[in-house]
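Novice: Here is a sequence together with a model predicted from it:
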Amino acid sequence: MDQAHPVGRIDVISDAICPWCYIGKRQLERALDILATNQCKVAVAWHPFQLNPDMPPEGVEREKYRIAKFGSLERSKQLDQRITETAASVGLEFHLEKLTRTPNTVNAHRLIRFAGQKGLQDAVVEELFEGYFCKGADIGDSKILADIGAEGGLDRAEVLAMLAGDEGRKEVLAADQMARNAGIQGVPSFALQGHVLFSGAVPAEEMAQTFRRAWEILKNRAA
């Protein structure tokens, strides 16, 4: 059997309350399957970006926030419906009507970072997205984050202890600022070997093609 050709590391810059990031995760998974059929092996790492960096720690009531952001509740519901339909096209069943709060996501990003240290990042990211978009979980609540971490394979008590302190906070905020300094304004954004390639939940085939092309360019530069 041929040895899989290592493509390297794909970095995903995202926020846990970004619906396009969950949709983009599904497209990425399909893109990785395409790359795998071409003997390409890829590692994926998730990095923080706050869509609402000025969000108070306790979050805000979602309905009021959405009205302020989009001008009316009707407009907000129209956008939610469009997102729900797009999510369904990649096999995701969103229930945005269950959401009551828009959270501050620093602690969610701390959880993702912690999961990365334990080798469980993908599973925890999946549980976070599913909890928020499909179950209406308040992912600004430490106890709910601990439950989500446990669903992803982490020790619940360890997660609670981590969130009760400041572990990872400085690093998360620094990484968020680094993404902004790099010119990233929207998520999901995808990078290969540290080079940002594109933003948005683009179709899997397009993702795979872009990753392959970028890898060939980087490989030729290194030659």
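Specialist: Yep, that arrived.
Novice: the helices in the protein, which residues?
Specialist: Counting by DSSP state H, the chain has these helices, from start to end: 19-37, 62-70, 73-88, 106-117, 121-129, 135, 142-151, 156-164, 169-181, 204-222.
Novice: any chance of those helices in CSV, plus mean pLDDT, mean neighbour count and distance to residue 48?
Specialist: Just so you know, the C-beta spots here come from the backbone N, C-alpha and C atoms, and that holds for glycine as well. Formatted as CSV, those follow (pLDDT from 0 to 100; neighbours: other CB atoms under 10 Å; distance: least, CB to CB, whole Å):
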stretch, mean pLDDT, mean neighbour count, distance to residue 48
helix 19-37, 95, 20, 11
helix 62-70, 95, 15, 20
helix 73-88, 97, 14, 21
helix 106-117, 98, 22, 4
helix 121-129, 98, 22, 11
helix 135, 98, 13, 22
helix 142-151, 98, 20, 14
helix 156-164, 98, 16, 15
helix 169-181, 97, 15, 5
helix 204-222, 90, 15, 21
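Novice: Span of stretch 159-176 from start to end?
Specialist: Terminal residues of stretch 159-176 lie 21 Å apart, using CA to CA, to the nearest Å.
Novice: coming back round to it: who wins for proximity to residue 97 among the helices of the chain?
Specialist: For the helices of the chain, the distance to residue 97 is smallest for helix 73-88, at 7.7 Å, taking CB to CB.
Novice: That closest one versus helix 62-70: what angle between them?
Specialist: 100 degrees (axes from the mean of the first three to the mean of the last three CA atoms, to 10 degrees).
Novice: Helix 73-88 vs helix 19-37, what angle?
Specialist: Here helix 73-88 points in a direction 10 degrees away from that of helix 19-37 (the same axes, to 10 degrees).
Novice: So which elements touch helix 73-88?
Specialist: Contacts defined by 3 or more CB pairs under 8 Å, 6 or more residues apart in numbering; DSSP states H and E place helix 73-88 against helix 19-37, helix 62-70.
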